[in-house]
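**Student:** show me the folded form of this:
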Amino acid sequence: KFSVARMLVTVFTVQLSVPIQPRLVTLGRYDGRHPCLTCGTAGGRVFIHNPHGDRSQNSVAFLNINKNITCLSAGRLDTNTQNDVLLIGTATDLVAYDVFANKDIFFKELPDGVFALCVGAIGSSPPLAFVGGHCSVLGLDAAAQDGFWTVTGDNVCSLALCDVNGDDGAELVVGSEDFDLRIFAQDGDMLHELSQREAVTSLCALNGRRYAYALANGTIGVIDGHKRVWDNKMKHQVIALYAYDCNLDGLPELVVGWSDGTLEVRDPRNGSVLFSEVFPAMIAGIVQADYRLDGTETLIVCTVEGEVRGFQPMGLNPITHFASDARADRAARAVDVPSVQSPLASPAHAPSPLPTGYRADPADHAAKVSQRAQQERLLAELTQQRNDLRANLQAAEAERAVPNRSVAGGGVTAADVPLRAGITADADGRPGLQLEIMAPEGFIMRLAIISADGLFPVDKLTIYPANPTNTLTAPVNPTKNQPSTINIQAYVSTPNNPSQYAVRDLAVSLPRFARFRPTAKRVAEGRVSLAVPGMLFPKVYAWINENFCLPEPLAAPSVRADFVCGDTQLGLSLESDVSISSNDGDALGDVIQSLTEYLGLQDLNSVADMSAEVAEFTDLLTKVNDFHSARQRLTANVADNSGFIKGLIVRAEDSRMQGDIESMKAAYIQLNDLNRDLVNSYTIRCNNHTELVACLKHVNAHIQRVSRWRAGKCKAGTVALLREAIKNNDLAALVKAIKVGSPSP
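**Tutor:** Predicted coordinates:
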C-alpha cells in the first residue's frame, strides 16, 4: 500500500485561544497583499488574524456584529482594486465590510436570510457575492445591485463556482435541503438537477469539470459534470471540503475535515484515502494561502478550540518546523482588544520576519517527490490488482474442488443459471412497485442484496426469505421522479447442493416516472400546452415508452395516456400540440423538463391553464402584503411608545426630586404598562416575521414551480417577469406571466 504518512508535514501551529464556530472560516487579502485568517466566534463576533502588521500592535482584532453569524466569505468584488471584501451573513441581512479602510461597503436587508456565501464570477459576468437563502440565490455586485437571481426547491445549504460544462466559464452549483444539486448558468437557467440522499451541506470545485460534495448523513463524493464518479458514506459529518495539491503532481487532491477532528486527503479519482491526521477537536474550516509570505501555498486547518495548523507537501520546505507564533498567542490572550479598529489600518505593512527554514533547490526536489509519489501509487494499484487476481483464483479453485451437481439431470449448475429481474406493480393494488428477481424452476434464491440511490430507507437492502423459492420480491417506493439503477447481488443455489452459492450481479433500470401507473380515468385538472413540432411526435412516443412503466408500448395513432400516483394525476395528449394535464404543478415541471431535455429543445415556451396555481399564488402575495403592513404598523407603535417612555422617565425623576411620591408612583405604573406593551409588541413582531419568512419561502417555491413549465431562455424570462410583478405588486402581470410565460427570444 502507498505510504501516505509523509505526504504533508506541519510547518506551523498557532494557538489562538479563541473558539471558532464550525464552517465560519475564510481568508482574505484585505490590503491586496497580506492574507489574513478570518473566523466567526461566539457572541456574534468575527476575529481577524493578521501576523504581517506592526509588531507593536495586536495581530488579532475583533469585529462586533451583535447578531448570530450564519456564514462568512471574502473575495474581490471591485475589479479596480486588489483588496478583498469581508462578507458577513446573518439570518436577516448581509454586510460587506472593507477591513483595510474600516468601513462598511454596503448593508443589505435580506428577508430570505443568508445561509450560504460564495464570491466569484459566473460565466462572463463581473465578480458577484452569491447569497443563498430561503429557496432563492441572489448575486450582488460591489454596489449591492442585483446581478443574478434565481430560485431553488428549498433552503440553500451550500454554493460553489465550477466550470461544469467545460466552456471556460464557471457555473453556479447550488446544494439545498430538498436533497438536490442544481447547476445554474449565468442567465439563471438551470442546466442540470441531480438528486442526492440527503441535504447537500458542502461543495468544493476541483480541477476541470469535477467538484466534490458532502451530504448531511456523512456521504462525500465527486461529480464530473453531471455524472457521479464515486461516493463514500462515513459515520461522521463533513465540516469542510477543500482542493489542495498535496503530492505536487499539478492536480489538486480533495481535503476533507470531519466533525470528529479527522483531516483526510482523498484521491478525487476514486476516493481512496492518501493521508490522515487526527486533531484533538472538531475541524472548523480549511483555507489556503501563502501565510508566511515565503512564496509557498500552505494548507491552513482550524479547529473549534482555536488551534490553527499549517501543512505543506513533504519536501517543499524540509526544515520548516516551528511550534507556534508566540506573538499571535500573546495577542489572542490579550483582554482589551479594540472591536472597531481595523486590523490592517497600521501604515506599516511589511511582513514580520517569520522563520522560513531552508529550501534546497525546491523545483528539482519537487519534481523528484512527484515522480516518487507517482511510482509508489502505481505500485499500490498493481499490488491491489495482484491481490484481486489471487482471490479470484482461489475462489475458482475452491469451486472446482466441489463436485458438479446437476438439477434433474439437466447438467446445469447454479453458476450457470440465467436470472431475470423486473419491475411490476404491487400485487395488492397498493401504491408503489415491486422488484421481482426470478430463477428457473429447480433453483433456489437464497439471498439478495439490493442497493439504489434514494429508493430504500437503508443504503443496502437485504432480502433473506424464511422459505426460499426461485423468486424474490422487494418493495420499491420511489419518492422522486428520477431515473435510478437498482444493483442486485443474488445468491443462488440448487436443492441438491444448498451449501454452495453462486453469486450473480444484476442491474435493473427504473424509469424516471415509474411511480406513475396507467389508468383509464381522465385528468380534469390544470393543463399546460407545449408548441412541439409535429415532426418530433415520434420522439415524444419514444420518450413516453422509456420514462413510464406501460403494459405495452405506446405508438401512433394513440393520442392520450393517463397515469396516477396516489392523489397525483397526470395526462399526456398528442394532437395539434403536446398537452400535459395534472393536479400537481411539481409533477408538470418534472415531465416538461424531462421531455424538453429528451427532444433536445434549447428554448420552449408554454401556455398554462392552471387556475388553482394562480389562486394560490395570488393568495400568498396578499398575505405577504398584509404581513408587511402589519410590520410597519408595529414598528410605528414601538417608536411612539419609546417616546412616551422617555417622557415618563423624566416625569418620574422630576417627581422624585420634588418629593411628590404619588406622582412618581403613577409615572412608574404607566411606565410598567408601556413596557409590557412593548414586550407584547415584540412577540407579535417576531411571530409576524416568522410567518412572513414562511410566506416568502412559498412564493419562491411557486416561482420555481411555474418557471419549470418552460425551458431555456423562456424559463429564465418567466422568472424575471414573475419577480418584477411581485416587486411592483402587479397581480395582472403576475397572472399573465403564469399563463403565457416569456416569449421566445
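**Student:** now stretch 497-512: buried residues?
**Tutor:** Residues Asn497, Gln500, Tyr501, Ala502, Arg504, Val508, Leu510, Pro511, Arg512 are the ones in stretch 497-512 that count as buried (16 or more other CB atoms under 10 Å). C-beta here means a position set from N, CA and C on the backbone, and glycine is covered the same way.
**Student:** which of those fall within strands?
**Tutor:** Counting by DSSP state E, the buried residues of stretch 497-512 place Asn497, Gln500, Tyr501, Ala502, Arg504, Val508, Leu510 in strands.
**Student:** next, the contact list for the residue lying closest to Thr219 once chain neighbours are set aside, please.
**Tutor:** Excluding the flanking residues, the one nearest Thr219 by CB to CB, 6 or more residues apart in numbering is Lys233, at 4.4 Å. With contact taken as CB atoms under 8 Å, 6 or more residues apart in numbering, Lys233 is in contact with Asn217, Gly218, Thr219, Asp459.
**Student:** so which of those residues sits lowest on pLDDT?
**Tutor:** Least confident entry in those, by pLDDT: Asp459, with 73.
**Student:** what are the bridge partners for Val256, then?
**Tutor:** The partner list for Val256 in beta bridges (DSSP bridges) reads Leu241, Glu264.
**Student:** contacting residues for the residue nearest the centre of the chain?
**Tutor:** By CA atoms, centre = their mean, the mean C-alpha position of the chain lies nearest to Gly175, the distance being 2.2 Å. By CB under 8 Å, 6+ apart, the residues touching Gly175 are Val156, Cys157, Ser158, Leu159, Leu181, Ala199, Val200, Thr201, Ser202, Leu203, Tyr213.
**Student:** is the second one part of a helix or strand, or is it coil?
**Tutor:** Same thing as Cys157. strand (DSSP: H, G, I helix; E, B strand; the rest coil).
**Student:** the last one too?
**Tutor:** With three-state DSSP as the basis, the three-state label of Tyr213 is strand.
**Student:** what's the separation between Thr37 and Ala121?
**Tutor:** Just to correct that, residue 37 is Leu rather than Thr. Using CB to CB, to the nearest Å, Leu37 is found at 24 Å from Ala121.
**Student:** for the two, indicate the residue with more neighbours.
**Tutor:** Ranked by neighbour count (other CB atoms under 10 Å), Leu37 and Ala121 place Leu37 first, with 25 against 18.
**Student:** enumerate the beta-bridge partners assigned to that one.
**Tutor:** Leu27, His49.
**Student:** and the residue nearest to Arg266 when sequence neighbours are not counted, how many neighbours?
**Tutor:** Nearest-residue entry for Arg266: Leu254, 4.5 Å, with adjacent residues in sequence omitted and distances by CB to CB, 6+ apart. As a burial measure, Leu254 scores 25 neighbours (other CB under 10 Å).
**Student:** by average pLDDT, which secondary structure element in the chain comes out worst?
**Tutor:** helix 326-333 (a mean of 39; mean pLDDT, DSSP states H and E).
**Student:** Tyr541 and Leu554 touch, don't they?
**Tutor:** Yes: Tyr541 is in contact with Leu554 according to CB atoms under 8 Å; the separation is 5.7 Å.
**Student:** the stretch 501-650 of the chain: strands as residue ranges?
**Tutor:** Using DSSP state E, counting those that start in this stretch, the strands assigned to the stretch 501-650 of the chain run over residues 517-518, 527-530, 560-565, 568-574, 578-582, 606-609.
**Student:** next: the stretch 101-250 of the chain.
**Tutor:** 103-109, 116-120, 128-132, 136-140, 146-151, 156-162, 171-176, 180-184, 190-195, 200-205, 210-215, 219-224, 227-233, 238-244.
**Student:** what pairs with the first one, parallel or antiparallel?
**Tutor:** Next to strand 103-109 in the sheet, as set by DSSP bridges, lie strand 93-98 (antiparallel).
**Student:** what's in contact with stretch 721-740?
**Tutor:** So stretch 721-740 is in contact with 149, 605, 607-610, 613-614, 617-618, 621, 625, 699, 703, 706-707, 718, 741-742, going by CB under 8 Å, 6+ apart.
**Student:** go through that stretch and flag the buried ones.
**Tutor:** Buried residues in stretch 721-740 (16+ other CB under 10 Å): Leu721, Leu722, Arg723, Ala725, Ile726, Leu734, Val735, Ala737, Ile738, Lys739.
**Student:** hang on, the fourth one in a helix?
**Tutor:** I take that to be Ala725. Yes: the assignment for Ala725 is a helix, going by three-state DSSP.
**Student:** distance of it from Val693?
**Tutor:** In terms of CB to CB, Ala725 sits 21 Å off from Val693.
**Student:** and what of the third one?
**Tutor:** For Arg723, the distance to Val693 (CB to CB) stands at 18 Å.
**Student:** try the second one
**Tutor:** Look at Leu722 and Val693: by CB to CB, they are 19 Å apart.
**Student:** same check on Asp562?
**Tutor:** 39 Å.
**Student:** kindly report the same for Val174.
**Tutor:** Val174 is 19 Å from Val693, by CB to CB.
**Student:** who has more neighbours out of the two?
**Tutor:** Val174 (27 against 18).
**Student:** which non-adjacent residue is nearest that one?
**Tutor:** Arg182 (4.7 Å).
**Student:** is the one you found in contact with Asp189, as I believe?
**Tutor:** No: here Arg182 lies out of contact with Asp189, judged by CB under 8 Å, at a distance of 10.7 Å.
**Student:** Met657: which element?
**Tutor:** helix 611-658 (DSSP states H and E).
**Student:** that helix packs against which elements?
**Tutor:** helix 661-707, helix 731-740 (3 or more CB pairs under 8 Å, 6 or more residues apart in numbering; DSSP states H and E).
**Student:** relative orientation of the longest one and strand 146-151 in degrees?
**Tutor:** Regarding helix 661-707 and strand 146-151, their directions subtend 80 degrees when assessed with axes from the mean of the first three to the mean of the last three CA atoms, to 10 degrees.
**Student:** average pLDDT across helix 661-707?
**Tutor:** Rounded mean pLDDT across helix 661-707 is 85.
**Student:** cool, and stretch 507-527?
**Tutor:** 84.
**Student:** for the stretch 401-550 of the chain, which spans come out with low pLDDT?
**Tutor:** Counting by pLDDT under 70, the ranges of the stretch 401-550 of the chain that qualify are 401-416, 426-431, 498, 524.
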